[in-house]
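Novice: Requesting a structural model of the entry that follows:
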Amino acid sequence: MRRDVIVFDIETVVDADSARRILRLPELSDFEARDALSDYFLERTDGRNDFPRQPFHRVVAISYGHLIREPGEEGNELVIRRLASGGDKNSSEKELLEGFFHLIETRSPQLVSFNGRGFDMPVLKYRAMAHGLSSPRWFKEGDKWNNYESRYSHDYHCDLLELLSDFGASARCSMDEVAAVFNVPGKLETAGDNVREMFESGQIDAIRNYCETDVLSTMLIFLRHQLFSGAISDGAYARAILGIRNYLEVESESHPHLCEYIQVWDQTDH
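Specialist: The predicted structure follows:
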């Protein structure tokens, strides 16, 4: 098992430049281009879906929770080291992508996501290539069966949506649905549908904060699966949860969105 565990999530908006190019309409404003691309995909899917395909998503936030897997008396322990978002509110998409793939190159962590194989990682790879970036270790790490590209190897990328649905054998539930069943916080007041409006009004910090709360919920679901699978003991699970609570309480003094998360957690944890 990998020592470093990176629980991650991304937030995106339609890349207006790519939209103008595919539509052959260079005169469109960013706002018009995003609307027009939705119409384009609605037409291509015979009215079924206006959601743009992965290459057309511009990354505006990448948030992560860094856990360390350490040996303990009862087996593995998972200890939180950091919850953060890459770069800052002024970082370019290229800078955010460089930071993410730098983690791969330097730490080769286990990635944990919710629908990361279906959305987040395809977006990150497409956008990295669009910017001419390189990540050799992504393709060289591991072996034939266990590597970042292998769908069924969760040692390198644990996509909880895939894992919990037995890779599509059962219904794929949303993170919010799973969180409700597991009695942990799901979506707070913000949802993915709000990101475009927030981006266009310059609320980048709010997007980053929202992304971090999604990472926290993904982390709590991941820990529940680690307990169920026997990867950690009851005691290690309890210590991991306590460690996250303690971390959030300290960080919430300067990060109000974490204080809100704790309040919601307190309300659900009964």
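
Novice: Off-centre distance for the longest strand belonging to the chain?
Specialist: The longest strand of the chain (DSSP state E) is strand 57-72. When C-alpha coordinates are averaged (C-alpha atoms, centre = their mean, to the nearest Å), strand 57-72 and its chain have centres 8 Å apart.

Novice: ok, then the element right after it?
Specialist: Using DSSP states H and E, the helix or strand that follows strand 57-72 in sequence is strand 75-85.

Novice: Return the alpha-carbon coordinates of stretch 219-231 using PDB.
Specialist: In PDB, the C-alpha atoms belonging to stretch 219-231 read as follows (Å, rounded to 0.1, in the frame of the first residue of the first chain):
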ATOM      1  CA  MET A 219     -12.200  11.300   3.000                       C
ATOM      2  CA  LEU A 220     -14.800  10.200   5.500                       C
ATOM      3  CA  ILE A 221     -16.400   7.800   3.100                       C
ATOM      4  CA  PHE A 222     -13.000   6.400   2.200                       C
ATOM      5  CA  LEU A 223     -12.200   5.800   5.900                       C
ATOM      6  CA  ARG A 224     -15.500   4.000   6.300                       C
ATOM      7  CA  HIS A 225     -14.600   1.700   3.400                       C
ATOM      8  CA  GLN A 226     -11.100   1.200   4.900                       C
ATOM      9  CA  LEU A 227     -12.700   0.000   8.100                       C
ATOM     10  CA  PHE A 228     -15.200  -2.300   6.300                       C
ATOM     11  CA  SER A 229     -12.500  -3.900   4.200                       C
ATOM     12  CA  GLY A 230     -10.200  -4.500   7.100                       C
ATOM     13  CA  ALA A 231      -7.500  -2.200   5.900                       C
END
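
Novice: How about the longest strand of the chain, which residues are buried there?
Specialist: Across strand 57-72, burial judged by 16 or more other C-beta atoms under 10 Å covers 57-67, 69. Any C-beta I mention is one placed from the backbone N, CA and C, and that applies to glycine too.

Novice: Run through this structure and note the low-pLDDT ranges.
Specialist: Along the chain, segments meeting pLDDT under 70 span 189-192, 269-270.

Novice: residue ranges of the helices in it, please?
Specialist: For the chain, the helices defined by DSSP state H occupy 16-23, 30-44, 93-107, 121-130, 136-140, 160-164, 175-182, 195-200, 204-229, 234-251, 256-268.

Novice: Of all those helices, which one comes closest to residue 81?
Specialist: With C-beta to C-beta as the measure, helix 234-251 is the member of the helices of the chain nearest residue 81 (8.7 Å).

Novice: Distance from the chain centre to stretch 66-85, please.
Specialist: With C-alpha atoms, centre = their mean, you get 18 Å for stretch 66-85.

Novice: picking that back up, need the helices of the chain in JSON lines with mean neighbour count and distance to residue 51, can you?
Specialist: As requested, these are exported to JSON lines (neighbours: other C-beta atoms under 10 Å; distance: least, C-beta to C-beta, whole Å):
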{"stretch": "helix 16-23", "mean neighbour count": "17", "distance to residue 51": "13"}
{"stretch": "helix 30-44", "mean neighbour count": "16", "distance to residue 51": "7"}
{"stretch": "helix 93-107", "mean neighbour count": "17", "distance to residue 51": "19"}
{"stretch": "helix 121-130", "mean neighbour count": "19", "distance to residue 51": "12"}
{"stretch": "helix 136-140", "mean neighbour count": "13", "distance to residue 51": "26"}
{"stretch": "helix 160-164", "mean neighbour count": "20", "distance to residue 51": "16"}
{"stretch": "helix 175-182", "mean neighbour count": "16", "distance to residue 51": "17"}
{"stretch": "helix 195-200", "mean neighbour count": "16", "distance to residue 51": "12"}
{"stretch": "helix 204-229", "mean neighbour count": "21", "distance to residue 51": "18"}
{"stretch": "helix 234-251", "mean neighbour count": "16", "distance to residue 51": "32"}
{"stretch": "helix 256-268", "mean neighbour count": "15", "distance to residue 51": "26"}
